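> how would this look folded up:
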Amino acid sequence: QVQLVESGGGLVQPGGSLRLSCAASGNIFSFYAMGWYRHSPGKQREFVSAITSRGNTDYAGSVKGRFIISRDNAKNTVYLQMNSLKFEDTAVYYCNAVGAAGQEHWGQGTQVTVSS
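Next comes the predicted model:
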C-alpha cells in the first residue's frame, strides 16, 4: 500500500514562502509522476504542479514563476517550494502519485493559509 505523507503547511503572510514535502513509502521511481493539487472552499480541486520520473515539470499558470517542484530520489520525497504567496494560494494541498498503470494515490493534505 502506497502512503504519501505531506508536511510543511502553515500560516504565512502575503509575499512569504513555504516549502511543502511529500514523503512516499516506496521508491518514487516506481511512479510515472508525482505532483501537487489544491482545494479551497467553494472551488474544485485544481492541479498545481507535477514532476515525472524523468524530471520533466509542469505548472498551473497561476503558480508558474512562483512555485518550484523538485524531487530527492534518495529520500523518496517530492517538494513544492512556494514563493511570493498570495491570498488566493490559501488551500489544502494534496500530494498525488501516478503509477505506471495509471493508478493514483493521494496524501491526506496539508493546510496552507496566506493571511496578513
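> give me phi/psi at the nearest residue to Q3 once chain neighbours are set aside?
Leaving aside its chain neighbours, Q3 sits nearest to S25 (4.0 Å; criterion: Cβ to Cβ, 6 or more residues apart in numbering). For every residue, glycine as well, the C-beta is placed using N, CA and C. Phi and psi for S25, reported as degrees, to the nearest 10, are phi -80, psi -20.
> wait, S116 sits on V12?
No. S116 lies out of contact with V12 (Cβ atoms under 8 Å); the separation is 10.0 Å.
> re earlier: look at the residue nearest to Q3 and report its pLDDT.
Here, the pLDDT recorded for S25 equals 87.
> again with Y93
The model's pLDDT for Y93 equals 98.
> Identify the residues contacting the spatially most central residue of the chain.
Nearest to the centroid of the C-alpha atoms of the chain, with distances taken as Cα atoms, centre = their mean, sits W36, at 2.9 Å. By Cβ atoms under 8 Å, 6 or more residues apart in numbering, W36 lies in contact with 20, 22, 48-50, 69, 78, 80, 93-96.
> and the residues you listed as TSV, adding neighbour count?
Output for the contacts of W36, formatted as TSV (neighbours: other Cβ atoms under 10 Å):
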residue	neighbour count
L20	24
C22	27
V48	24
S49	23
A50	21
I69	22
V78	29
L80	26
Y93	24
Y94	21
C95	26
N96	21
